[in-house]
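Engineer: Return a 3D structure for these sequence lines:
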Amino acid sequence: MTADEPVVAHAPGRPRLLLGAYDLADVGYTDDEFFVSGAATRYAPVGDHGPDGRWQAAPSGSADYTIRIVVLKPVDGFNGTVVVEWLNVSGGIDAPAVWMMAHRELLRSGYGYVAVSAQQVGIEGGASLGMDLSLKKQDPERYWHLNHPQDAYSYDIFTQAGRLVHDRFEALGLPRPERIVAVGESQSAMFLTTYVNAVDPLVRLYDGFLIHSRFGPAAALDGASIFAPPEDSVPEAVRFRTDL
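Structural biologist: Numbers count the residues shown, from 1 in each chain. Model prediction:
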């Protein structure tokens, strides 16, 4: 590990995450929570961000963070692919939307799975469609020390989480992955659309993306809430860039 890499600490006990009303051990899986601390970069747009998705961005500052990730892996039969989910916070809670929809396939096919608390609302609370069920609200004793500076830093936080899976998988108790796929639904899909169009060309980390149910828009690079009035700089409908 270098001085620029995030610090990873295992968190004993049961994580606060809605994974299902069953024991993962009964289906041959383990779950572990880790606290991840580091410095994240925010990005600023370079030029116009048009509907074609061929966006450019540049680093524009950094801030310290401490978030959590939850790692699931099969005891046997790992298929080589780790799915990394940008947790959905529209309901005021870290929600593993893709896991909820796809967990049967993920479990029976031997996928690894990593849930990332990428956005501020899931940790600190904030604008949402529901009540405050942030980690600090649910379990302040366990999560009091977490710190999310603002959603402009979410993009690099998600990159750093994926890089942990790619480069430091042993620290997370994972087997060596052959492929890492980023996934997100609804609000998370809006942020991942911006990630694909503006950030992925700079970092080239994930091997693929599964992004769905976003209805057209993308999130702003400055991390403005999707519930705020839309910014003029973000088109109402955005395609994925075709030069990935």
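Engineer: Report the central residue of the chain.
Structural biologist: When the chain is reduced to its mean C-alpha position, the closest residue under C-alpha atoms, centre = their mean turns out to be residue 86, at 2.8 Å.
Engineer: Beta-bridge partners for that one, please?
Structural biologist: The bridge-partner assignment for residue 86, based on DSSP bridges, gives residue 116.
Engineer: what's the spacing between it and residue 171?
Structural biologist: With distances taken as C-beta to C-beta, to the nearest Å, residue 86 is found 21 Å from residue 171. All C-beta spots, glycine's among them, are computed from the backbone N, C-alpha and C.
Engineer: What residue, apart from its backbone neighbours, is nearest residue 117 spatially?
Structural biologist: Taking C-beta to C-beta, 6 or more residues apart in numbering, and ignoring the residues beside it in sequence, residue 117 has residue 67 as its nearest neighbour in space, at 4.7 Å.
Engineer: Any idea how many residues pack against that neighbour?
Structural biologist: Summarising burial for residue 67: neighbours were counted as other C-beta atoms under 10 Å, giving 29.
Engineer: May I have the host helix or strand of it as CSV, with CA atoms only?
Structural biologist: Element membership for residue 67 (DSSP states H and E) is strand 56-74. As requested, the backbone C-alpha atoms of strand 56-74 are provided in CSV (Å, rounded to 0.1, in the frame of the first residue of the first chain):
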residue,chain,number,x,y,z
GLN,A,56,-14.6,15.8,-20.7
ALA,A,57,-13.7,16.5,-17.1
ALA,A,58,-10.7,17.5,-15.0
PRO,A,59,-9.8,17.2,-11.3
SER,A,60,-10.7,20.3,-9.3
GLY,A,61,-9.9,19.6,-5.7
SER,A,62,-10.0,16.9,-3.1
ALA,A,63,-11.5,16.1,0.3
ASP,A,64,-11.0,13.4,3.0
TYR,A,65,-13.7,10.7,3.4
THR,A,66,-14.6,7.6,5.4
ILE,A,67,-17.3,5.4,3.9
ARG,A,68,-18.3,1.8,4.2
ILE,A,69,-18.4,-1.1,1.7
VAL,A,70,-20.0,-4.5,2.2
VAL,A,71,-18.4,-7.5,0.5
LEU,A,72,-20.2,-10.7,-0.3
LYS,A,73,-18.4,-13.8,-1.7
PRO,A,74,-19.1,-17.4,-2.2
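Engineer: residues of it that come out buried?
Structural biologist: By 16 or more other C-beta atoms under 10 Å, the buried positions in strand 56-74 come out as 57, 65-74.
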